[in-house]
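*Asks:* when you get a sec, could you give me coordinates for this:
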Amino acid sequence: QVQLVESGGGLVQGGGSLRLSCAASRLTFSNYVMGWFRQTPGKDREFVASCSWSGRSTLYANSVKGRFTISRDNTKNTVYLQMNSLKPDDTAVYYCNIPISTMTWSWGQGTQVTVSS
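*Replies:* Okay, the predicted model is just below:
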């Protein structure tokens, strides 16, 4: 079973930056598109960003475009999310997974990002 472990979250002031990591195991990582999602209490989990197996093709939610950058290192089975110019609305638990609804793996524990105003 695929295992996903997110890390790198924390408390940051508005305008600050964080870099999230997601380490994946028990899969051939380079075969898969990877994505980041986020969820706040009482709301559905929402898509944030995705990148192709090579990392060359990326897609972003409008709310993060120009501020967040997704990347990956296939030698480390890890996908990253560089988050700049953070806003209080970015406060959420962040998760990684495959961004294909019919193939979603078990969710990891996520990593909490809190942005103060």
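*Asks:* nearest residue to the middle of the protein?
*Replies:* Trp36 (2.8 Å; C-alpha atoms, centre = their mean).
*Asks:* that residue bridge partners, please.
*Replies:* In this entry, Trp36 is beta-bridged to Ala49, Cys96, by DSSP bridges.
*Asks:* residues touching it, list them.
*Replies:* Leu20, Cys22, Val48, Ala49, Ser50, Ile70, Val79, Leu81, Tyr94, Tyr95, Cys96 (C-beta atoms under 8 Å, 6 or more residues apart in numbering). In this view, the C-beta of every residue, glycine as well, is placed from N, C-alpha and C.
*Asks:* tell me which other helices or strands the longest strand along the chain touches.
*Replies:* Using DSSP state E to define each element, the chain has its longest strand at strand 18-25. Where contact means 3 or more C-beta pairs under 8 Å, 6 or more residues apart in numbering; DSSP states H and E, strand 18-25 is packed against strand 3-7, strand 34-39, strand 78-83, strand 92-97, strand 111-116.
*Asks:* columns distance to Trp105 and mean pLDDT on top of those, output as JSON lines?
*Replies:* Output for the helices and strands packed on strand 18-25, formatted as JSON lines (distance: least, C-beta to C-beta, whole Å; pLDDT from 0 to 100):
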{"stretch": "strand 3-7", "distance to Trp105": "7", "mean pLDDT": "97"}
{"stretch": "strand 34-39", "distance to Trp105": "10", "mean pLDDT": "98"}
{"stretch": "strand 78-83", "distance to Trp105": "13", "mean pLDDT": "98"}
{"stretch": "strand 92-97", "distance to Trp105": "6", "mean pLDDT": "98"}
{"stretch": "strand 111-116", "distance to Trp105": "17", "mean pLDDT": "98"}
